[in-house]
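A.B. asks: Quick one, structure for this:
(2 chains)
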Amino acid sequence: MITIEVLLFAAAREAAGAGSIRVELPDDATVGDAFAHLRVAHPALGPVLGASRAAVDEEFAPPSRSLSNGDTMAVLPPVSGG
Amino acid sequence: MEPFGVTAEPLDVQALAAFIADSGAGAIVTFLGVSRESSNDANQVERPVETLWYEAYGPMALRKLREIGAETTSRFDIRGVACWHRTGEVAIGEASVAIAVSAPHRGDAFDACRFVIEQIKTSLPVWKRERFADGEEWVEGYGGEAGSARA
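C.D. replies: Next comes the predicted model:
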């Protein structure tokens, strides 16, 4: 198993009631697997996860991106800066 | 000063313009994104906004601003580019984002400044929350090309 830190922002942070969560995943887990895990562990996150992008180590990451122990994955709802 | 940053303090576009001033520049274009006093709801009905509040993924936002700056420098004939985004509460009429670009010619300066703000709108990890008299909500934002980077 690997442990990753999940950072949650804006609507995702509010839905989860926390700005960060530690998540345990199988060794070969991907970003997509982490999102699937979050949907089950935190059902309130479901709607916002469907619209969100992920970032790993501060870079946008596709669902296929594999995760390693100690990674930081951020859940980024649709951005609205500017 | 640093050319790129995220701050809870008011933005100073004059300082940005001074920072990117260059003896080879014939034009400096600056842009301020400013908090507007009204917003359209889901039914396109206008309603008054009391204040705006911005949340950022700070370290990634700084990294993205630097990337946008590098991309802008490679795409346009410019001498300098600087951009800061604000976080926390931003009163109506105050700037949430400030951009300054210097270039030998005005066309490149305008085009590059426009490019920077469009990149910010689509890829900077920053979220805007509008506060109304009767509540508040996150502003519907940009999620990227359908399916491209979504998990």
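A.B. asks: List, one by one, the residues from chain A near chain B.
C.D. replies: Residues of chain A lying close to chain B (Cβ under 8 Å from any Cβ of the partner chain) are A:7, A:9-11, A:13, A:31-32, A:34-35, A:49, A:51-55, A:58-63, A:74, A:76-82. (C-beta placed from N, C-alpha, C; glycine too.)
A.B. asks: Now do the helices in chain B.
C.D. replies: B:13-20, B:58-75, B:106-123 (DSSP state H).
A.B. asks: Any part of the last one near chain A?
C.D. replies: Yes. Under the criterion of Cβ under 8 Å from any Cβ, chain A is reached by helix B:106-123 at B:117, B:120, B:121, B:122, B:123.
A.B. asks: buried subset of these?
C.D. replies: B:117, B:120, B:121, B:123 (16 or more other Cβ atoms under 10 Å in any protein chain shown).
A.B. asks: Pipe these into a markdown table and attach pLDDT per row.
C.D. replies: Output for those, formatted as a markdown table (pLDDT from 0 to 100):
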| residue | pLDDT |
| --- | --- |
| B:117 | 98 |
| B:120 | 97 |
| B:121 | 96 |
| B:123 | 96 |
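A.B. asks: Relative to residue B:7, which of those is nearest.
C.D. replies: residue B:120 (14.8 Å; Cβ to Cβ).
A.B. asks: Now do the contacts for the closest one.
C.D. replies: A:81, A:82, B:65, B:68, B:83, B:85, B:97, B:126 (Cβ atoms under 8 Å, 6 or more residues apart in numbering or on different chains).
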